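S.K.: any chance you could fold what I've pasted below:
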Amino acid sequence: MTRTTRIRAALVTATAVVTAATVTVGVSAAGSEKHAKPSKPTEKQIAALFDGWNSALRTGDAEIVADRYAADAVLLPTVSNKVRTDRAGIVDYFEHFLHNKPVGKKVQTIVDVLDRDSAIDTGVYAFTLTDPDTGRKRVVEARYTYEYEKRDGVWKIVNHHSSAMPEG
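M.R.: Next up, the predicted model:
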């Protein structure tokens, strides 16, 4: 083999090694994007979870509302003295509450995103309630706290506290 042939062979081999290394690094980098940790949700995304819950209320179906809660959720409801600690208790509460056709609206919200799988939304909301017998509407303001956790890829309410405004 001549000197020129050896130099060409060395250059071809070096080029092949560099090309293979570049492709391997590119594939590894692309693959790592798939396994990158999901980013934290925004405050706006967490605040919007209320909209889904409020839409569930409008269905008038207590089971659909209860689906928004984790199986081990705690509900400290506005118009009941009972602490609800299981799905049956949460469904029971909403079966009664939904008779008033509640429509909620946030008045003030403060969101704290704890990490990619948990957040707290606190503030004040107002509910327009309709008396099922008279059709008369009234608005009730209440303080609220929702604690959310993402479980199996779905945001669930794990703790919900609501209490009527003491000066209202």
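S.K.: all helices of this protein, in order?
M.R.: Ranges of helices within the chain are 3-34, 43-47, 49-58, 62-66, 87-97, based on DSSP state H.
S.K.: and those helices, which one is worst for confidence?
M.R.: Of all the helices of the chain, helix 3-34 carries the lowest average pLDDT, namely a mean of 46.
S.K.: C-alpha coordinates for stretch 135-150, PDB please?
M.R.: In PDB, the C-alpha atoms belonging to stretch 135-150 read as follows (Å, rounded to 0.1, in the frame of the first residue of the first chain):
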ATOM      1  CA  GLY A 135     -86.800  29.900  41.400                       C
ATOM      2  CA  ARG A 136     -85.300  32.900  43.300                       C
ATOM      3  CA  LYS A 137     -81.600  33.400  42.800                       C
ATOM      4  CA  ARG A 138     -79.100  34.400  45.400                       C
ATOM      5  CA  VAL A 139     -75.400  34.900  45.400                       C
ATOM      6  CA  VAL A 140     -73.200  33.400  48.100                       C
ATOM      7  CA  GLU A 141     -69.500  34.300  48.300                       C
ATOM      8  CA  ALA A 142     -67.100  31.800  49.900                       C
ATOM      9  CA  ARG A 143     -63.400  31.400  50.500                       C
ATOM     10  CA  TYR A 144     -61.900  28.300  48.900                       C
ATOM     11  CA  THR A 145     -58.800  26.200  48.800                       C
ATOM     12  CA  TYR A 146     -58.200  23.500  46.200                       C
ATOM     13  CA  GLU A 147     -55.200  21.300  46.600                       C
ATOM     14  CA  TYR A 148     -54.500  19.400  43.300                       C
ATOM     15  CA  GLU A 149     -52.200  16.500  42.500                       C
ATOM     16  CA  LYS A 150     -51.600  15.000  39.100                       C
END
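S.K.: how far away is the nearest residue to His160 once chain neighbours are set aside from Asp92?
M.R.: Using C-beta to C-beta, 6 or more residues apart in numbering and skipping the chain neighbours, the partner closest in space to His160 is Leu75 (5.0 Å). Where C-beta positions appear, they are placed from N, C-alpha and C, glycine not excepted. Distance, Leu75 to Asp92, by C-beta to C-beta, to the nearest Å: 10 Å.
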